[in-house]
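Trainee: build me a structure from this.
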Amino acid sequence: MSYISVIGAGSWGTTLACLLADKGYDVTLWAFEKDLVDEINQTRINRIYLPDVAVPENLKVTNDMDAALRKARYVVNAVPSQFTRPIFREATPFLNNETIIVSVSKGIEKGTLLTVSTILKDVTSHPVTVLSGPSFAKEVIKKLPTAVTLATEDNNTGIVLQEIFTTQYFRVYTHDDIIGAEMGGALKNVMAIAAGIAESLGLGNNARASLITRGLIEMTRLAVSLGAKERTFSGLSGIGDLVLTCTSPLSRNYTVGIKLGQGIKLREILGQTKSVAEGVATAESAYALSQKCGIEMPIVEQVYRILYEDKDPSLAVKELMERTLKSEFYG
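Mentor: Numbering: from 1, shown residues only. Just a heads-up that it's a prediction; the model follows:
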């Protein structure tokens, strides 16, 4: 059986490590925090991120990068996007020549405006695939039915990884649009913040449906300008992930939006949890990317201004509704 390493012991990384270990693979989970590693090894519970689930006895947990990576045929990147570059700079010397990276991190790097797969290729020079789609860790760890997409440049690699990750409750489809899968996974988090704000303000179901639909248009428009395929956004890593995160309190980004709509300041919100809401950083990167590419993204712009310019959410809604009238489909 293949040696697999999962880098990042947050809720999603731990969940995927458990899924793979349950299938009988030789899996090592790497965590940055030494005290978290010691606690998981002693109690078999990730108290911080998955406190209600015992991890399999055959899952090894370490914060020694060499021990985690030296035998790994496949490496799963579950590190938040803003930390991927420094973590994999540390990891690269320990990767063997045959290693293939599977990225499950969803975001756009601040400053460079690069997707995670591009960061990983830049830092490691190894092949990178992307696993994305509507998949809350808290439901996958309970073995509730879930479907996701695996985007890869090499069809044979995709078929192998599809078999590795698929279980009776976790169904994996293959696709060839890496940039589309990544942009869908990243941008839906910004829309989830907007959806949470709308819910908190009591704007109703009509508003939520409109936001999801117009949000999908914005996501598609930007991604296609970067080389993605439009059809990707009708799939699991597009509309599928968008609907999930815009309608459930299990979404960290949706929850951030709820609190923003209640008037709680961003710094206070972020200080209340150790989990990363990727949409907060992605809103800044997505807005900058839209400006760079000349792509109109009014929802992203308003979320950015609420987060980083302390704009009143009610005023943001008013400005969205009073924009210049136009045809639904153009360009």
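Trainee: any weak-confidence spans in the stretch 151-300 of the chain?
Mentor: By pLDDT under 70, the stretch 151-300 of the chain contains no weakly predicted segment.
Trainee: again, only using 80
Mentor: Within the stretch 151-300 of the chain, the ranges that satisfy pLDDT under 80 run 273-276.
Trainee: just the helices from it, written as ranges.
Mentor: 155-165, 178-200, 204-225, 241-245, 252-261, 266-270, 278-293, 298-308 (DSSP state H, counting those that start in this stretch).
Trainee: now distance to Val172 too, for those helices, in JSON lines please.
Mentor: No exception for glycine: its C-beta is placed from N, CA and C like everyone else's. Converted to JSON lines, those look like this (distance: least, Cβ to Cβ, whole Å):
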{"stretch": "helix 155-165", "distance to Val172": "5"}
{"stretch": "helix 178-200", "distance to Val172": "12"}
{"stretch": "helix 204-225", "distance to Val172": "21"}
{"stretch": "helix 241-245", "distance to Val172": "14"}
{"stretch": "helix 252-261", "distance to Val172": "23"}
{"stretch": "helix 266-270", "distance to Val172": "32"}
{"stretch": "helix 278-293", "distance to Val172": "21"}
{"stretch": "helix 298-308", "distance to Val172": "29"}
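Trainee: most packed of those?
Mentor: helix 178-200 (a mean of 29; mean count of other Cβ atoms under 10 Å).
Trainee: the spatially most central residue of the chain in helix, strand or coil?
Mentor: Among the residues of the chain, the one closest to the centroid is Lys106, at 2.7 Å (Cα atoms, centre = their mean). When classified by DSSP: H, G, I helix; E, B strand; the rest coil, Lys106 comes out as coil.
Trainee: what pLDDT is listed against it?
Mentor: With respect to pLDDT, Lys106 scores 95.
Trainee: ok, and the closest non-adjacent residue to it?
Mentor: Computed as Cβ to Cβ, 6 or more residues apart in numbering, the closest residue to Lys106 that is not its neighbour in sequence is Gly185, at 3.8 Å.
Trainee: hang on, isn't that neighbour packed against Ser103?
Mentor: No. Here Gly185 does not reach Ser103: they are 9.6 Å apart, not a contact under Cβ atoms under 8 Å.
Trainee: any common contacting residues for those two?
Mentor: Val130 (Cβ atoms under 8 Å, 6 or more residues apart in numbering).
Trainee: now do the contacts for the residue nearest to the centre of the chain.
Mentor: Contacts of Lys106 by Cβ under 8 Å, 6+ apart are 81, 116, 132, 182, 185-186, 189, 278, 282.
Trainee: which pair of those spans the longest distance?
Mentor: For these, the farthest-apart pair by Cβ to Cβ is Ser132 and Thr282; their separation is 13.7 Å.
Trainee: quick one: Leu289 from Ile197, how far?
Mentor: 21 Å (Cβ to Cβ, to the nearest Å).
Trainee: likewise for Gly185?
Mentor: 21 Å.
Trainee: swap in Ala281?
Mentor: To Ile197, Ala281 is 17 Å away according to Cβ to Cβ.
Trainee: same deal with Glu309?
Mentor: 14 Å.
Trainee: how about Gln272?
Mentor: As judged by Cβ to Cβ, Gln272 and Ile197 stand 17 Å apart.
Trainee: per-domain residue ranges of this protein.
Mentor: By the assignment in automatic domain parsing, the chain contains the domains 3-176, 179-321.
Trainee: so which of those is nearest Ser327?
Mentor: domain 179-321 (12.0 Å).
Trainee: measure the closest one end to end?
Mentor: 31 Å (Cα to Cα, to the nearest Å).
Trainee: now do it: distance to the chain's middle.
Mentor: In terms of Cα atoms, centre = their mean, to the nearest Å, the centre of domain 179-321 is found 13 Å from the chain centre.
Trainee: same deal with stretch 323-331?
Mentor: For stretch 323-331, the separation from the chain centroid amounts to 30 Å (computed by Cα atoms, centre = their mean).
Trainee: what's next to that stretch, contact-wise?
Mentor: So stretch 323-331 is contacted by 221, 298 (Cβ under 8 Å, 6+ apart).
Trainee: start the count at 40, not 1, going forward
Mentor: In the new numbering, first residue 40, that becomes stretch 362-370.
Trainee: quick one: mean pLDDT over that stretch.
Mentor: Here the average pLDDT along stretch 362-370 is 88.
Trainee: okay, it in PDB with CA atoms only?
Mentor: Taking C-alpha atoms only, stretch 362-370 is exported to PDB below (Å, rounded to 0.1, in the frame of the first residue of the first chain):
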ATOM      1  CA  ARG A 362     -25.900  49.600  -9.300                       C
ATOM      2  CA  THR A 363     -26.500  50.600 -13.000                       C
ATOM      3  CA  LEU A 364     -29.100  48.400 -14.600                       C
ATOM      4  CA  LYS A 365     -27.900  46.000 -17.300                       C
ATOM      5  CA  SER A 366     -28.600  42.800 -19.100                       C
ATOM      6  CA  GLU A 367     -28.200  39.600 -17.000                       C
ATOM      7  CA  PHE A 368     -25.800  38.000 -19.600                       C
ATOM      8  CA  TYR A 369     -23.200  40.100 -21.400                       C
ATOM      9  CA  GLY A 370     -19.600  39.900 -22.600                       C
END
